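> sharing a sequence plus its predicted fold:
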Amino acid sequence: MALLPLSGIVGTVIGSFLWGWLGDRVGRRSSILLAGVIFIGTSISCSMPNYTWNFAMCFIMGLGVGGMLPITFALMAEAIPARHRGWLMVLIGGDVAGAYIITSWLASALVPEYGWRILWLLGLPTGVVLVLLNRWIPESPRFLVANGREEEARAVMARYGAVVVEEQSELAMENHIVPRYSQLFRRPFAGISSIIVLLGLAVGLVSFGFQLWIPSNLQRLGFTEVTADRILRDSALIGFPLNFIVAWAYGFWSSKKTIIILALLTGAALAAFVITGDGVATNRLLLHGLLVVPIWGISSVVAVLSSYSSEVFPTRIRSRGTGLAAGASKAGGVLIIALVVAAIAPPSIAWSALLGAVPMLLAALAVVFFGVETRKRQLEDITVEELGLEQVPG
């Protein structure tokens, strides 16, 4: 059974990079709609007659899931005004937790009556709604301008009372940027990409490693299954309101400093588990306090990672940049679920925390040296700073 989630998570990694390429090649809107069609198509898996077909459908659905999130953030970054972009995208990114709550509720309500196959149908209504709403999904004007389609860009912007500013033409600014993944790892973007990759790896290792193994580790330390679940639930509920503080800090205080503080707090909490080891079970208050940070913090890190990656890369490689972030955040999941498939016993609470603490703390250090401030700044201004230009050519 572990092969099913493995095929899905491998699909999300591949889909993240594939849709990153598609978003920069054919446009943000078309890529989002293609992912919606995949959601509708793969819902047929509920009627697949055997395991092999379900395995294949897991992979294909993973492709769509992996592509949807990064391209959506690329489009939002290019469409939302700078003064509202940061906090709004972080709030939307943090809302993924709401999807998990809804899915868990539907699973507990539907599976006992209809069986596990009913869960495949969850992608059908959301995909259909997305396609029905496509008339209100605009193509990114920045993408259109950067690809020489200025008339189309003007038509889209006219719907929102905006105009193209000639002296900030993306074509002039991004003349020497090659629309390839290799560009992400060349100057001047290599430092930014290191931040994205380290944060993404940390997210995957904590989400699919530390959080996945925590119930088993708590039960091994003497907690009953019910008590372990309650501890995780309470930690998530305590941390949930902090998402609004993170959104405010990212959008109105400093995006760079917010990422540093989040990474340091999450890394420090994980490091505390490494230091205390199994002894943390003897102090319930300390255990609850330490669990709040990685359980809440990792969802906030996912939100700021998605937002930041969509802001710091130029238009011609923005979808590839958000695809890199999404792919890196799932790569840790591939490793962890592969260990489950190989029937390797979960590591101790200290070792599982160490796996996430190292890349998280390294990411905080990378932000200090390579991070750029994005708060309330036009995307073109961020690109100008990264390219070392004094002014945007007309």
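Good, I have the coordinates.
> going by C-alpha atoms from here, please, whenever you check contacts or count neighbours.
OK.
> now the helix or strand where Asp381 lies: buried residues?
In the assignment (DSSP states H and E), Asp381 maps to helix 379-387. Neighbour counts using 16 or more other C-alpha atoms under 10 Å place Leu379, Glu380, Ile382, Thr383, Val384, Glu386, Leu387 of helix 379-387 among the buried residues.
> now do the first one against Val368, distance only.
The reference is to Leu379. 20 Å (C-alpha to C-alpha, to the nearest Å).
> again, but for the fifth one
Applying C-alpha to C-alpha, one obtains 19 Å for the distance of Val384 from Val368.
> check the fourth one too.
Spatial separation of Thr383 from Val368 under the definition C-alpha to C-alpha is 18 Å.
> nearest to Ala345 among the buried residues of helix 379-387?
Glu386 (45.0 Å; C-alpha to C-alpha).
> what's near enough to touch the closest one?
Glu386 is in contact with Pro188, Phe189, counting by C-alpha atoms under 8 Å, 6 or more residues apart in numbering.
> Trp87 touches Tyr250, doesn't it?
Yes - counting by C-alpha atoms under 8 Å, Trp87 touches Tyr250, with 5.9 Å between them.
> so between these two, which is more surrounded?
The residue with more neighbours, out of Trp87 and Tyr250, is Tyr250; 28 against 25, by other C-alpha atoms under 10 Å.
> and whichever strand or helix holds Ile195, what does it pack against?
Assigning secondary structure by DSSP H and E places Ile195 in helix 190-205. On a contact count with 3 or more C-alpha pairs under 8 Å, 6 or more residues apart in numbering; DSSP states H and E, helix 190-205 meets helix 284-311, helix 315-341, helix 349-370.
> contact partners of it?
184-185, 298, 301-302, 305, 309, 312, 321, 324-333, 336, 355-360, 362-364, 366-367, 370-371.
> next, count neighbours for the closest residue to Gly36 other than its chain neighbours.
Leaving aside its sequence neighbours, Gly36 sits nearest to Gly127 (C-alpha to C-alpha, 6 or more residues apart in numbering; 4.6 Å). Counted with other C-alpha under 10 Å, the neighbours of Gly127 add up to 21.
> contacts only, for Gly127.
Gly36, Val37, Ile38, Phe39, Ile40 are the contacts of Gly127 under C-alpha under 8 Å, 6+ apart.
> so which of those residues are in helices?
Among the contacts of Gly127, the residues falling in helices (DSSP state H) are Gly36, Val37, Ile38, Phe39, Ile40.
> as TSV, those with pLDDT and distance to Ala109 would be great.
Supplementary listing: the ones in helices among the contacts of Gly127 in TSV, determined by pLDDT from 0 to 100; distance: C-alpha to C-alpha, whole Å:
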residue	pLDDT	distance to Ala109
Gly36	84	25
Val37	86	26
Ile38	87	25
Phe39	79	22
Ile40	83	22
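> most neighbours among those residues, which one?
Phe39 (27 neighbours).
> domain map for this structure?
Per automatic domain parsing, the structural domains of the chain span 3-176, 184-387.
> now do the end-to-end distance for the last one.
Taking C-alpha to C-alpha, the first and last residues of domain 184-387 lie 13 Å apart.
> and Pro314, backbone torsions?
phi -60, psi 170 (degrees, to the nearest 10).
> quick check, it in contact with Asp381.
No - using C-alpha under 8 Å, Pro314 makes no contact with Asp381, being 10.2 Å away.
> contact partners for Leu379?
Glu78, Ala82, Glu311, Val312, Pro314.
> can these go into CSV with extra columns for neighbour count?
Listed next are the contacts of Leu379 as CSV, based on neighbours: other C-alpha atoms under 10 Å:
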residue, neighbour count
Glu78, 22
Ala82, 16
Glu311, 29
Val312, 24
Pro314, 27
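> of all pairs in those residues, which one spans the longest distance?
Longest span within the contacts of Leu379, C-alpha to C-alpha: Ala82 and Pro314, 14.9 Å.
> out of the helices and strands packed on helix 190-205, flag the one nearest Lys256.
Comparing the helices and strands packed on helix 190-205 under C-alpha to C-alpha, the one sitting nearest is helix 349-370, at 7.0 Å.
> tabulate the CA atom coordinates of the closest one in CSV.
The C-alpha trace of helix 349-370 is given here as CSV (Å, rounded to 0.1, in the frame of the first residue of the first chain):
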residue,chain,number,x,y,z
ILE,A,349,12.5,11.3,17.8
ALA,A,350,16.0,12.8,18.0
TRP,A,351,17.1,11.5,14.6
SER,A,352,13.9,12.4,12.8
ALA,A,353,14.2,16.0,14.2
LEU,A,354,17.8,16.2,13.1
LEU,A,355,16.9,15.4,9.5
GLY,A,356,14.7,18.6,9.4
ALA,A,357,16.8,20.8,11.7
VAL,A,358,20.0,20.8,9.6
PRO,A,359,18.5,22.1,6.2
MET,A,360,16.2,24.5,8.1
LEU,A,361,19.0,26.2,10.0
LEU,A,362,21.2,26.2,6.8
ALA,A,363,18.3,27.9,5.0
ALA,A,364,18.1,30.6,7.7
LEU,A,365,21.8,31.3,7.2
ALA,A,366,21.4,31.4,3.4
VAL,A,367,18.6,34.0,3.7
VAL,A,368,20.9,36.2,5.7
PHE,A,369,23.5,36.2,3.0
PHE,A,370,21.5,35.9,-0.2
